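Asks: sequence and predicted structure are below.
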Amino acid sequence: MTSASRLLRSAAGRVPDADARLLLAHTLGVPASRLLTLTAIDPDAAARFDELLTRRESGVPAQYLSGTAPFRHVEVAVGPGVFIPRPETEAMTGWALERLAEAGESPLVVELCAGSGAISLAIADEFPAARQYAVELSEDAVRYAAANLAGTGVDLVQADMADALLELDGTVDLVIANPPYVPLEAYDGIPAEVREHEPALALFSGPDGLDAIRVLARVAARLLKPGGRVCAEHAELQHASAPAVFVAHGGFDQVRDHRDLNDRPRFVTARRVGTVAG
Ligand SMILES: C[S@@+](CC[C@H](N)C(=O)[O-])C[C@H]1O[C@@H](n2cnc3c(N)ncnc32)[C@H](O)[C@@H]1O
């Protein structure tokens, strides 16, 4: 028998502390906050933990090993084939929730590029009155999103965002998206762990990384009603080029860029103006 704190000490130097806690909590089936109260861990569990540490050392993301990732106040099921939700996206989701609170009784929300459904799940959790749709292209990702969004009332659609949900054109209050935005030319600069394990469709988007954001601006323009809002995540270096896509479209005003919880430029927001065509 050994204790959780001894196992965590033995993992130090092999993997980051946060990953060791996540993996030990997963092995023992307890919340991470309870770990330090556990003083009698049997050798089988210690061996399973050691096996997970070895897989983590080989580069497999901790969230794929534990099968979950935290996002705002929810736990999201993830695994190979789906993008792991990042804390960077939480600030944009918070901005969207503030806009929904101002938008009337049961605002209509569309999430594009939904991946695991983390954003839609957080909105369902924190603003249950919203009527929600989530659009995702990848079959693997849709399987996770379907599990994560089961019972929330979010309508999940497997489609290319370019021509999704035509029946909602001109009626939507808020479009939110964390699209792929890594420039293809930055391929070598992406950590091998991300490149080799997370799906390329979730990461890369043309030579300048803005291909999906250009499509997104067009789709948001057709879905939103006048006065509706769009928010889209982007890379730090796209703090000027991503807003420029919305300005160049011509169908938006109040185009602004925002910072994430680490004070880095992270998402653009805009308001739909004028008539719904375009
Ligand atoms: C960066 S991931 C974001 C996933 C999730 N929203 C999150 O924040 O964790 C981008 C997602 O967009 C999806 N995607 C890429 N191109 C798409 C398209 N044309 N239409 C719909 N989804 C697309 C990818 O499969 C991937 O799941």
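Replies: Right, received. Where do you want to start? Numbering: from 1, shown residues only.
Asks: what's the closest non-adjacent residue to the residue most central in space within the chain?
Replies: Centroid-nearest residue in the chain: P85, 3.8 Å away (criterion: Cα atoms, centre = their mean). Spatial nearest neighbour of P85, chain neighbours left out: A118 (3.7 Å); criterion: Cβ to Cβ, 6 or more residues apart in numbering. Yep, even glycine has a C-beta here, placed from its N, CA and C like the rest.
Asks: repeat that for A186.
Replies: A186 sits nearest to G209 (Cβ to Cβ, 6+ apart), 7.2 Å away.
Asks: how about low-confidence regions in the stretch 151-278 of the chain?
Replies: 275-278 (pLDDT under 70).
Asks: residues of it that sit close to the ligand?
Replies: The stretch 151-278 of the chain comes close to the ligand at residues D160, M161, A162, N178, P179, P180, L201, A202, A212, as judged by Cβ under 6 Å from any ligand atom.
Asks: not counting its neighbours along the chain, what's nearest the fourth one?
Replies: In space, N178 comes closest to E233 once its chain neighbours are excluded; the distance is 4.2 Å by Cβ to Cβ, 6+ apart.
Asks: next one: the fifth one
Replies: When the adjacent residues along the chain are set aside, P179 lies closest to A212, with 3.8 Å between them (Cβ to Cβ, 6+ apart).
Asks: and the ligand, is the strand or helix carrying A124 touching that?
Replies: Using DSSP states H and E, A124 sits within helix 118-126. Yes: if you take Cβ under 6 Å from any ligand atom as the test, helix 118-126 does meet the ligand, through A118, I119.
Asks: assign a three-state SS to G115, would you?
Replies: Secondary structure assignment for G115 (DSSP: H, G, I helix; E, B strand; the rest coil): coil.
Asks: distance of it from E233?
Replies: 11 Å (Cβ to Cβ, to the nearest Å).
Asks: fine, thanks again, bye for now.
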